[in-house]
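[1] I would like the atomic coordinates for the input below:
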Amino acid sequence: NNMLAEVVEKLKRKMEVQAAAPAHCYAGPGDVACDFCTERKLIAVKSCLTCLASFCETHLKSHYEVPGLKKHSLVEASGKICSEHDKVLEIYCRTDQSFICYVCMRDEHQSHDTSQLHLTELKN
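    The predicted structure follows:
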């Protein structure tokens, strides 16, 4: 994990000086923002279920180039990460008719009717 941490840190430093993107690429209300952009956040194109982070096109490149990151599971960035706990929304609460993470289930939805989602359901 030290190697992964070093790669992520190098990527952060390398990308701190980013070329300005057109305004339509910046994340706005309702968009999933890149977790690695340091200035104005760009719209994320993918979320990594291993890193539990979302990436814009620029910051996603390492997931296609670094051997250790190539094995990570990427999904379309569509808000499938819990905004309260930064965990994957992998459970459906039938009681509240909403997607929740396991921390939400343990804390606020303990007595509710829930169903575990499969990875294929998350990718759609």
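
[2] all strands of this protein, in order?
    Assigned by DSSP state E, the strands in the chain fall at 46-48, 53-55, 74-76, 91-93, 98-100, 114-116.

[3] for Glu9, which of those is the nearest?
    Closest to Glu9 of the strands of the chain, according to Cβ to Cβ: strand 53-55, at 13.7 Å. For every residue, glycine as well, the C-beta is placed using N, CA and C.

[4] ranking the strands of the chain by mean pLDDT, which is last?
    Note on those: strand 74-76 shows the lowest mean pLDDT, a mean of 84.

[5] hmm, back to that, save the strands of the chain as TSV, and put in mean neighbour count and distance to Val66 too.
    Below are those laid out as TSV (neighbours: other Cβ atoms under 10 Å; distance: least, Cβ to Cβ, whole Å):
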stretch	mean neighbour count	distance to Val66
strand 46-48	22	12
strand 53-55	23	13
strand 74-76	17	13
strand 91-93	18	30
strand 98-100	18	30
strand 114-116	12	30
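
[6] all good on my end, thank you.
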